[in-house]
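K.L.:
Just a sequence and a predicted model for now, questions to come.
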Amino acid sequence: MSSDQDVETSHILDCFRDRLKRIIVVEPLLDLLHFLEPDRKDRIRAKLRVEGDISAAATLIDEIIKTHNYKGWSRELVTALETVGCTNAVNYVLNSPPDPTEEAENDSCVRLIDLMQLSLINMKTGDVCAHCFSQGLLTQEDHENITKATENHGNIKGARVLLKRLVKNEAGWFSKFLQALEDTEHHELVRELRGEPCNEDESMSVETHEFKTAEEGEQMCLAAEKEADSVNSSLLSEDLNSSVDSSVLGVSAENEDIDMYNGKEEEKEDLTEDDDPSASKREIVLRDYQMEVARPALEEKNIIICLPTGSGKTRVAVYITKEHLERKKQMGRPGKVVVLVNKVPLVEQHYKAEFGRFLKHQYSVERVSGASQLKISLPQIIEQNDIIICTAQILENSFAKAKNGDEDGIKLSQFTLMVIDECHHTKKGDVYNHIMIRYLKQKHKNQLLKKQEKSPVPIPQILGLTASPGVGGAMSQQMAEQHILQICANLDAFTIKTKTFEEEEAKTPYKRIARAEERKQDPFGDVIKKIMDEIHTHAGLLPLCEPGTQNYEQWAVQKEQNAAKEENQKVRVCAEHLRHYNEALHQSNTIRMSDAFHFLDKYHNEELKTKSSPDDEGTITITDTERFLFTLFKDKKAKLQELMGKPEYENNNLAQLKTIILKEFSTREVARGIIFTRTRLSAIALCQWIQENPKFDEVGVSASYLIGGGDQSVVKPMTAAEQKDVLQRFRKGEINLLIATTVAEEGLDIAECNVVIRYCLVTNEVAMIQARGRGRAEDSSYTLVAEAGSGVAERESVNEYREKMMSKAITKVCKMNRADYEKKIREFQIQAIMEEKVKIKKKQQKGMMKESPSKISLSCRQCSVFVCSGENIEIIEKMHHVNVTEQFSKLFTVRENTSLQERLLDYETNGVIACKNCGQQWGSMMLYKSIECPCLHIKNFVVTYGSKKKTFSKWSELPISFTAFDYTQHADLLVEDSEEDMDFD
């Protein structure tokens, strides 16, 4: 830019001063404005600290206008504004402001956010921030600042910083913000911001509505602001009808109540989930093979439908559900369908993509999961809806409540059809099987009632869905057939239906095994093994298996458990460190050496942090062994860093994977793929490796990872909203390569892929079939990457053999004589019922044998310091074990743990409690109905039981009956304490 441009920019700044001071983010901008002298920057920063962003921005503009600057400063200013994400300000500085209408709409959105501030600050800031960042509404620095504010000052402070930054964006930000709130389950906030009515009935619907365009979102914002300002209702109605299609609002123009049975609501569906045109017409058209497998179910028989992934099992289930409800209605009987899934994301998926899409215009459909926070109980939801989609555990919990006489319980007889997704999980120990055992027991009782000429208790029709029932580890064809019969018996199936038509066979991807050469040199791994040898010597340990293997992992776990019980802290802490070095060896064999190093470095840094505490909390003890271990890693750290920078020592698996990805994405017109890997750490590391390598970018690879939501790993889990966001971007093509753990193998609705890679990962034949089934597109490929000599390729061959056994077994079972089949099924069912009775009897005997809590005491797993007696432990909701005594509160410190944040109906946890003496984590700080309760995790303690010391992984393993938490008593004590404090003041 010339000096003339500088003069013009100075004039523009003066003209748009009032606008610019509200949309400039001062603090990061100052770091990039090199034409301002340090003392002038200091004045602006002082203004920022004392009076805030707007005053500081006004001072900044004054400094630029009034002071002589060097030539070209205007170009530097524009570049700096773009860098810090102030694109709205850039438009004004370049004299390209939005048109007046757009500007007025944007101002209305800003005003609405201000009016809604008190409601918005209660959002889940971390989740919303992550979504806003992914949509480009925040810069990396914004994201870090908001996260820091949340961690240091709490959720509300973080929310204020987030909102303050959002409104500085250019027009169009509001609709993206609404989408971020929608994706993070803030449905009530979205309804308020859109100006939709929020009466009690409508608040029960968790259905989402999206604006068709950003402009509609801004127009809705105008209408919502008018409502907030109490504008005349007729004027509001007129504005809404003129600016936004009433169908977008989810209500009719006359604001009528929605009647889901009469179909009064004309909805605009988001067809991104499924582009099948029949969906928009509310028609379900089945193919010949789908109708064939559905036929016995349409005759009200219990069946298992076994179809390959992508062959439309769920669509068949929707059709059967529709026919079932219509038949019940024609008979004048109430119909009630429950759809059971085993993963929380599947609840939303089945609702949006299938059952809700096709049936909600005619029947009431609702979904319930652990992630839901509906305001009414499950019995009410079941009573008020025709189709309920829920996680199996929620249903089982409600069945158990009914058996115990709880009014919140439900009974099996309330349903007329039960659809079980991924039904191959119906086996011993699984929640599906617990539900089906209840069914089988009632069926058996009904047979006795009929003999006594009494009315049987109604039981639902059963429909099981699976892509692969597997063979259950069978080593022979006969055992494989027994396994299939067992699954059929567990589901009380009349038959198992599978696809038998040649022309309709699912597309099978081309399969290959890519063997990588064994590593010739591994100096990085050798250094880690030397460290492990020194630890072995220090602790006097003699492992009988090779480091870097699963067997070594099991050996180290056993050593740690035994040492904890024996109070041998030297061996215990050494075994814990050896486990992490073993994991690092595994990582260096599958992902980059740098990833393995960073894993170890992070572990040691976090361990060191646990050995420090706030000044007022005393000093945490560091033992000689811990000092030895920290020093050992510190001494080898430089060597490991040096070796990780030498690409010639990287494992050959990565090179093989790189070759395959580049070939697939450069030779296909459109490539879309999934890489399956074993751990969350490797999924994230592989994703980073791909993103950082320019070669992948050249062939158009856009990668992201997809991992599970359970909090059982050193890696922060993905929330359901984050998983949903990644999958949506994958469907839209914004991402074309997913790196996933086994969470993506089964059930989740993932767009058609033509490239499937299993990276150094082999489990069983079911997982192999599920993963391969992700390659649904034409000309798909399925590749297993395995190191020569690792045994991975050989295990894959075993799975292929078991898959053939499974197909033969299903065919053999389907051709069995009806009498023989029913005899076998009955034998398995009676055996299952008897085993359940024995199990219950043993449990009752064990319950009667439960001893007083005074019989046990807990000590820290790491330093063996006495923690508490069992008498001090109380139990909340038969699940959470807490100690709220004053004596216990003196033994621990509270640390923030950003990866742990659960929000449930009556309690929330955010933070960990740790031993004051050694820093060992003991559990979490739980807020239960406004009372802080330290919640103990049994795995972090050694339990002294009589004269024996034991370790447990679950509280249920401990034969002790703990006292229920008395909320009223503790609440009264808190009130008394607060009143005493007030009297003292």
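P.N.:
Alright, I've got the coordinates.

K.L.:
State the number of residues packed around L178.
P.N.:
24 (other CB atoms under 10 Å). Heads up, the C-betas are built off the backbone N, CA and C, glycines and all.

K.L.:
no, scratch that, I was asking about L81
P.N.:
By other CB under 10 Å, 25 other residues sit near L81.

K.L.:
Which strand or helix spans it?
P.N.:
In this assignment (DSSP states H and E), L81 forms part of helix 73-83.

K.L.:
tell me what the next helix-or-strand element following that helix is packed against?
P.N.:
Stepping forward along the backbone from helix 73-83, the first helix or strand reached (DSSP H and E) is helix 87-93. Helix 87-93 sits against helix 3-15, helix 17-23, helix 73-83, with contacts defined as 3 or more CB pairs under 8 Å, 6 or more residues apart in numbering; DSSP states H and E.

K.L.:
What mean pLDDT does the second one get?
P.N.:
Per-residue pLDDT values across helix 17-23 average out to 84.

K.L.:
Poorly predicted segments of the stretch 651-800 of the chain, please.
P.N.:
For the stretch 651-800 of the chain, residues meeting the criterion pLDDT under 70 lie at 709-715, 743-752, 762-779, 788-800.

K.L.:
Try it again at 80.
P.N.:
Applying pLDDT under 80 to the stretch 651-800 of the chain flags the ranges 708-717, 719-721, 724, 742-753, 760-780, 786-800.

K.L.:
quick one on the thing from earlier: measure how the helix holding L81 sits relative to helix 3-15, angle-wise.
P.N.:
Angle of helix 73-83 versus helix 3-15, following axes from the mean of the first three to the mean of the last three CA atoms, to 10 degrees, is 60 degrees.

K.L.:
Export the helices and strands packed on helix 87-93 as JSON lines, with columns for distance to H350.
P.N.:
Shown next, in JSON lines, are the helices and strands packed on helix 87-93 (distance: least, CB to CB, whole Å):
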{"stretch": "helix 3-15", "distance to H350": "54"}
{"stretch": "helix 17-23", "distance to H350": "43"}
{"stretch": "helix 73-83", "distance to H350": "44"}
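
K.L.:
can I assume I690 is in contact with F665?
P.N.:
No. If you go by CB atoms under 8 Å, I690 and F665 don't touch, sitting 10.6 Å apart.

K.L.:
Would you map the helices across the stretch 251-400 of the chain?
P.N.:
For the stretch 251-400 of the chain, applying DSSP state H, counting those that start in this stretch gives helices covering 277-280, 288-298, 313-330, 344-350, 356-359, 378-384, 392-403.

K.L.:
what's the closest of the ones you listed to D725?
P.N.:
Closest to D725 of the helices of the stretch 251-400 of the chain, according to CB to CB: helix 344-350, at 11.5 Å.

K.L.:
who does that closest one touch, helix- and strand-wise?
P.N.:
With contacts taken as 3+ CB pairs under 8 Å, 6+ apart, helix 344-350 sits against strand 337-341, strand 365-368, strand 387-391, helix 720-732.

K.L.:
So which of those is nearest A539?
P.N.:
Nearest to A539 among the helices and strands packed on helix 344-350 is helix 720-732 (40.3 Å), distances taken as CB to CB.

K.L.:
Now that closest one: buried residues?
P.N.:
Going by neighbour count (16 or more other CB atoms under 10 Å), the buried part of helix 720-732 is A720, A721, E722, Q723, K724, D725, V726, L727, Q728, R729, F730, R731.

K.L.:
Distance check, the spatially closest residue to the fourth one that is not a sequence neighbour against T79.
P.N.:
Spelled out, that is Q723. Nearest residue to Q723 in three dimensions, chain neighbours excluded: P345, at 5.6 Å (CB to CB, 6 or more residues apart in numbering). For P345, the distance to T79 (CB to CB, to the nearest Å) stands at 42 Å.

K.L.:
before we move on, back to that, to L417, which of the helices and strands packed on helix 87-93 lies closest?
P.N.:
With CB to CB as the measure, helix 17-23 is the member of the helices and strands packed on helix 87-93 nearest L417 (56.1 Å).

K.L.:
Packing partners of the closest one?
P.N.:
Checked by 3+ CB pairs under 8 Å, 6+ apart, helix 17-23 has helix 53-66, helix 87-93 packed alongside it.

K.L.:
Restricting to C-alpha, output the longest one in PDB.
P.N.:
Extracted in PDB, the C-alpha atoms of helix 53-66 (Å, rounded to 0.1, in the frame of the first residue of the first chain):
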ATOM      1  CA  ASP A  53     -11.500  -4.000  25.300                       C
ATOM      2  CA  ILE A  54     -13.700  -1.200  23.900                       C
ATOM      3  CA  SER A  55     -11.900   1.600  25.600                       C
ATOM      4  CA  ALA A  56      -8.500   0.100  24.700                       C
ATOM      5  CA  ALA A  57      -9.600  -0.300  21.000                       C
ATOM      6  CA  ALA A  58     -10.700   3.400  21.000                       C
ATOM      7  CA  THR A  59      -7.300   4.400  22.400                       C
ATOM      8  CA  LEU A  60      -5.600   2.200  19.800                       C
ATOM      9  CA  ILE A  61      -7.400   3.900  16.900                       C
ATOM     10  CA  ASP A  62      -6.500   7.400  18.400                       C
ATOM     11  CA  GLU A  63      -2.900   6.400  18.600                       C
ATOM     12  CA  ILE A  64      -2.800   5.300  15.000                       C
ATOM     13  CA  ILE A  65      -4.700   8.400  13.600                       C
ATOM     14  CA  LYS A  66      -3.000  11.100  15.700                       C
END
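
K.L.:
For that helix, which outside residues touch it?
P.N.:
Helix 53-66 is contacted by residues 10, 13-14, 17, 20-22, 24-26, 29-30, 36, 40, 43-45, 47-48, 73, 77, 164 when judged by CB atoms under 8 Å, 6 or more residues apart in numbering.

K.L.:
Quick check: pLDDT value at D981.
P.N.:
At D981, the pLDDT value in this model is 50.

K.L.:
meant to ask about V527
P.N.:
We have a pLDDT of 95 for V527.

K.L.:
tell me which element it falls in.
P.N.:
Assigned by DSSP H and E, V527 belongs to helix 523-539.

K.L.:
Downstream of that helix, the next helix or strand is which one?
P.N.:
helix 550-565.

K.L.:
what's the model's confidence in that following helix, averaged?
P.N.:
88.

K.L.:
just how off-centre is that helix within its chain?
P.N.:
Centroid separation for helix 550-565 versus its chain: 30 Å, with CA atoms, centre = their mean, to the nearest Å.

K.L.:
Just list what that helix packs against, helices and strands only.
P.N.:
Applying 3+ CB pairs under 8 Å, 6+ apart, we find helix 550-565 packed against helix 569-590.

K.L.:
quick one: the helix it packs on to chain centroid distance?
P.N.:
Computed by CA atoms, centre = their mean, the chain-centroid distance of helix 569-590 equals 27 Å.

K.L.:
now the angle from the helix holding L81 to helix 53-66?
P.N.:
Helix 73-83 and helix 53-66 are oriented at 160 degrees to each other (the same axes, to 10 degrees).

K.L.:
So what touches helix 73-83?
P.N.:
Residues from elsewhere that reach helix 73-83, judged by CB under 8 Å, 6+ apart: 1, 5-6, 8-10, 24, 29, 32-35, 64, 87, 89-90, 93-94.

K.L.:
Now, of those residues, which are buried?
P.N.:
Buried by 16+ other CB under 10 Å: D6, T9, S10, I24, L29, L33, F35, I64, A89, V90, V93, out of the contacts of helix 73-83.
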